[in-house]
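1. need coordinates for the following:
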Amino acid sequence: MPQKKPVSLWKEYLQDEVDAAYLYHCLAPLQTQDKRRELFEKLENVEKKHMQAWIELFEKEGVPHDKTDPSVKAKLMGWIAQRFGTGLIERMVLREEANEVKAYLRLHRRTQDQSTQDLSKRLASDSAEH
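-> You can find the predicted model right below:
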């Protein structure tokens, strides 16, 4: 009997990447230093690449996926950064970024699905590089 795909996990990870890309997109133009703006633009592009990897997995496995809109939480965090400054939101998203490698490695260990293992290992490696 074929193993059931962990679709709910895939959706969570896709949403995390969507939200991260959105927040970096919000934070980049608010930076006063070119290097910081470039850093957030780079991180946004990395997260978009990760988003695309999850979307490709859904498509390869023939699994429909939800729209790739940012969550209400991400939109609220973006609004807070724009209205009250980026300090708090920056710390939160950079902390999440630091935990991304660990999260992908946990996913790799806890799933039995080969497609999920392959993608999580690849994204953990990619995340460690940035």
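2. and the pLDDT at the residue sitting nearest the centre point of the chain?
-> Of all residues in the chain, the one closest to the mean position by CA atoms, centre = their mean is Glu17, 1.9 Å from it. Model confidence at Glu17, given as pLDDT, is 95.
3. and whichever strand or helix holds Glu12, what does it pack against?
-> Per DSSP states H and E: Glu12 is located in helix 7-27. Identification of packing neighbours for helix 7-27 by 3 or more CB pairs under 8 Å, 6 or more residues apart in numbering; DSSP states H and E yields helix 34-60, helix 72-84, helix 87-110, helix 114-129. Any C-beta I mention is one placed from the backbone N, CA and C, and that applies to glycine too.
4. now with 7 Å, please.
-> Counting contacts by 3 or more CB pairs under 7 Å, 6 or more residues apart in numbering; DSSP states H and E, helix 7-27 packs against helix 34-60, helix 72-84, helix 87-110.
5. now these as CSV including mean neighbour count and distance to Ser127?
-> Compiled in CSV, those are given as follows (neighbours: other CB atoms under 10 Å; distance: least, CB to CB, whole Å):
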stretch, mean neighbour count, distance to Ser127
helix 34-60, 16, 8
helix 72-84, 14, 18
helix 87-110, 15, 5
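6. out of the ones you listed, nearest to Ala28?
-> helix 34-60 (3.9 Å; CB to CB).
7. where does this protein have low pLDDT?
-> Scanning the chain for pLDDT under 70 picks out 1-3, 130.
8. thinking again about what came up before, turn the helices and strands packed on helix 7-27 into JSON lines, including distance to Leu119.
-> Rendered in JSON lines, the data for these read as follows (distance: least, CB to CB, whole Å):
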{"stretch": "helix 34-60", "distance to Leu119": "5"}
{"stretch": "helix 72-84", "distance to Leu119": "22"}
{"stretch": "helix 87-110", "distance to Leu119": "9"}
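9. and the residue nearest to the centre of the chain, how far is that from Trp54?
-> Distance of Glu17 to Trp54, computed by CB to CB, to the nearest Å: 6 Å.
10. go on, Leu123?
-> Applying CB to CB, the value for Leu123 to Trp54 is 9 Å.
11. does Val63 count as helix, strand or coil?
-> coil (DSSP: H, G, I helix; E, B strand; the rest coil).
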